[in-house]
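Colleague: Just a sequence and a predicted model for now, questions to come.
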Amino acid sequence: MYTNIFPEVLEHVLERADFIQTMNGKLIIGLLVLALGEEIVFRGLVQERLSWIIKPSYAILLSSIIFALVHISSGAPIIVFIDLTTVFIDSVIFGIIYYQTKNIYISWIAHAAANIVAVLLMMIF
């Protein structure tokens, strides 16, 4: 989608995630570790604790907003907005997976798989 409709967003994402050079074992391990850390913090800690005091749907949305803001980087406002919107949507999906399963490992696998597929697609296109 980015390549055809928003090539500037693809450039922005590649700059934000500048560690993506080539697909290799170190990159895959890095993506797995990053996804696990993010899931522990944003689903296991933030979303879980928020759901103690607000409705789970609000906890998912609020933790996803925080998750997206953590991924903010400089660039043209519309490009940054599109990038953060996709990060937010992914986070909502991971939050729903965690809420439905109460299993951090399942949301981690979904997150890691999404990261790996995204990197593969960026490298192909």
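Modeller: That came through, no problem. Because the structure is a prediction, the values reported are computed rather than measured.

Colleague: how about the helices in this structure?
Modeller: In the chain, the helices defined using DSSP state H lie at 7-16, 25-39, 48-53, 56-70, 77-101, 104-124.

Colleague: got those helices as TSV, with mean neighbour count and mean pLDDT columns?
Modeller: Every C-beta, even on glycine, is put in place using the N, C-alpha and C of the backbone. Shown next, in TSV, are the helices of the chain (neighbours: other Cβ atoms under 10 Å; pLDDT from 0 to 100):
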stretch	mean neighbour count	mean pLDDT
helix 7-16	17	72
helix 25-39	16	86
helix 48-53	14	97
helix 56-70	18	98
helix 77-101	17	96
helix 104-124	17	89
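
Colleague: tally of neighbours for residue 40?
Modeller: The number of residues packed near residue 40 is 14, by other Cβ atoms under 10 Å.

Colleague: show me the residues around it that make contact.
Modeller: Residues in contact with residue 40 (Cβ atoms under 8 Å, 6 or more residues apart in numbering) are residue 104.

Colleague: Provide a list of residues in contact with residue 73.
Modeller: Taking Cβ under 8 Å, 6+ apart, one finds 12, 15-16, 80, 83 in contact with residue 73.

Colleague: gap between the two ends of stretch 60-80?
Modeller: Length of stretch 60-80, first residue to last, Cα to Cα, to the nearest Å: 22 Å.

Colleague: Show me how far that stretch is from its chain's centre.
Modeller: Remark: stretch 60-80 is offset 10 Å from the chain centroid, using Cα atoms, centre = their mean, to the nearest Å.

Colleague: Need the residue closest to the centroid of the chain.
Modeller: residue 87 (4.8 Å; Cα atoms, centre = their mean).

Colleague: How about the contacts made by that residue?
Modeller: Taking Cβ under 8 Å, 6+ apart as the test, what residue 87 contacts is 67-68, 71.

Colleague: hmm, 6 Å instead?
Modeller: Contacts for residue 87 (Cβ atoms under 6 Å, 6 or more residues apart in numbering) come out as 68, 71.
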